[in-house]
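S.K.: pasting the sequence and the predicted model now:
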Amino acid sequence: MQRFLQKATFGIFVCLTLVTAGNVQAQTAATDKVGERLEGAVQKLRAACADDLAKYCSSVTPGEGRLLYCLIAHEDKISTKCDYALYNAARNLDRAIDFVEQAADACWPDIQKLCADVPEGGGHIAQCLISKKSTASADCQKILEKIPTTK
């Protein structure tokens, strides 16, 4: 489990940073949904690990992933509830990263062709691809079908 948690630590850190810093911008329904899911995951982690955070990490200044690193440093002592919540978050994040990698692989030529002039970040490229789905390649269209476009 330690190896799995280490693999997902960076991804969890990025997601927690995005949510807690308020940088998840609602550019599309898809990014809204991602933001909602991230916020839900953060709340579950906070609830499941509240006692452990108070016990082992009370002197740690929150931000930039420091609380997560503190929990990982004490992973041999944290509660089963917190351990499971961290594992579940890491597993879900791993799945999300896999999907993003698949989407990037399938849609990269379409991004270069159809959305080259779109600024990166904030869901702009995803929004561009979704708006031009009918002209995207078949592989990219299959991936885009999996992305929610309405609430």
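M.R.: Thanks, I have it.
S.K.: list the helices and strands the helix or strand where Lys44 lies packs on?
M.R.: If you go by DSSP states H and E, Lys44 is part of helix 29-56. With contacts taken as 3 or more CB pairs under 8 Å, 6 or more residues apart in numbering; DSSP states H and E, helix 29-56 sits against helix 2-21, helix 66-73, helix 80-114, helix 124-131. From N, CA and C alone the C-beta is placed, and that goes for glycine too.
S.K.: rerun that using 6 Å as the cut-off
M.R.: Judged by 3 or more CB pairs under 6 Å, 6 or more residues apart in numbering; DSSP states H and E, helix 29-56 is in contact with helix 2-21, helix 80-114.
S.K.: least reliable of the ones you listed by average pLDDT, please.
M.R.: Mean pLDDT is lowest for helix 2-21 among the helices and strands packed on helix 29-56, at a mean of 42.
S.K.: chain neighbours aside, what residue packs nearest to the residue of the chain positioned farthest from its centre?
M.R.: The centre of the chain is farthest from one residue, Thr135, which by CA atoms, centre = their mean lies 27.9 Å away. Nearest residue to Thr135, sequence neighbours excluded (CB to CB, 6 or more residues apart in numbering): Leu114, at 6.5 Å.
S.K.: distance of the one you found relative to Lys146?
M.R.: Per CB to CB, to the nearest Å, Leu114 is found 18 Å from Lys146.
S.K.: who has more neighbours out of the two?
M.R.: Leu114 (20 against 10; other CB atoms under 10 Å).
S.K.: how many neighbours does Ile78 have?
M.R.: Going by other CB under 10 Å, the residues that sit close to Ile78 add up to 24.
S.K.: state the pLDDT value of it.
M.R.: According to the prediction, Ile78 has pLDDT 92.
S.K.: right, and it touches Asp52 too?
M.R.: Yes: using CB atoms under 6 Å, Ile78 is in contact with Asp52, at 4.5 Å.
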